[in-house]
Structure formats: structure tokens, C-alpha cells
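Participant: starting from these lines, generate the structure:
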Amino acid sequence: MAKQNKAMARKQLDQKLQKFRNIVQIQPPMRGWIRAIRDAIGMTGEQLARRIGVKKQRIVALEQGEVAGTVTINSMKKAAEAMDCVFVYALVPRNSLEATVERQARKYAEKIHQGIQHSMLLEQQGLTADESGHGIQANTDKFVRETAKDMWEFH
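Facilitator: So this is what the prediction gives:
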């Protein structure tokens, strides 16, 4: 039952994340979102600082931190709220979660198969390409169904 729940949860999360896949391709402005929004609405750094409750120098550091990728999520939320915006944060998979699990399960199955094939060759009992392919696919399917945690131990 738990295995079915994981597969169902993956499917439901995939559906929710589908909406974000096109957004991921949007590049942030060169000077960052905070500065772009602030400039667009005509708000000075000093005004934003007062709204957040910090010194103006902190806004400069905040904007620089955003561009550098060192800003905190909490700081982004505060800046967004102060400019009447909503801060959106999400991890958006490049492919569906199902495809990600299948790809990793296949890598894991191939790695296991290599070890088995090597041992069998030493004993002069190697598998044919067809047997190997079927074995790898069967293990891949099994690992996807069971969401084998060990499969995430390697890249």
C-alpha cells in the first residue's frame, strides 16, 4: 500500500508542478527581481528599507545578495511583502518525477547488472544481450515500483 501511495504522490506532485515548467525558463533581470520591481513601482531603497525595518545599506546588500545567489528565502519574502508582491519558491523538476525515478532506477539496475555479468563471465556463464536487456528492464520496473532508496546512493 505504501508503494502505491508513493507512486500516487509522485503523480499528484507532477501534476501540480506542470504549471511551473514554463516559468523556469524565465531569466531574472540582471539586477535582480527586488531591484527591478522596486524601480518599476518607483520605490527607493530607503523607502523599502523603512518598510522592512532595516537600514538602507541592508537593501543594497539584499539586492546584491539576490544577484549573487546568497540571499535568504526569508529576506526575499520580506522584500516581496514590502513591495506588495508574493514571493514564489519551488523546486521544479526538469522532467516529470516519474521520469526521474525511472532514469535513476535504470542506472541502478544497470550497475547491479554489471556486477552480476562480470561474475558470470568469470564463470563463463555470461548472459546474452537479450537476456541482459530483459533483466535490466525487469529490475528497473521493480525499483520504480518499490522506489528503492539505495538507487539514490550514486550519480
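
Participant: can you list the domains in this protein?
Facilitator: Annotated domains of the chain cover 22-82, 97-153 [automatic domain parsing].

Participant: tell me which of these lies nearest to residue 8.
Facilitator: When these are compared by C-beta to C-beta, domain 97-153 sits nearest residue 8, at 11.1 Å. (Glycine included, C-beta is placed from N, CA and C.)

Participant: for the chain, which segments count as helices?
Facilitator: Using DSSP state H, the helices assigned to the chain run over residues 2-18, 33-41, 45-52, 56-68, 73-82, 97-122, 129-146.

Participant: for residue 88, find the nearest of these.
Facilitator: helix 73-82 (8.7 Å).

Participant: show me what that closest one is packed up against.
Facilitator: Where contact means 3 or more C-beta pairs under 8 Å, 6 or more residues apart in numbering; DSSP states H and E, helix 73-82 is packed against helix 45-52, helix 56-68.

Participant: on that earlier part again, ranking the domains of the chain by mean pLDDT, which is last?
Facilitator: If the domains of the chain are sorted by mean pLDDT, domain 97-153 sits at the bottom with a mean of 74.
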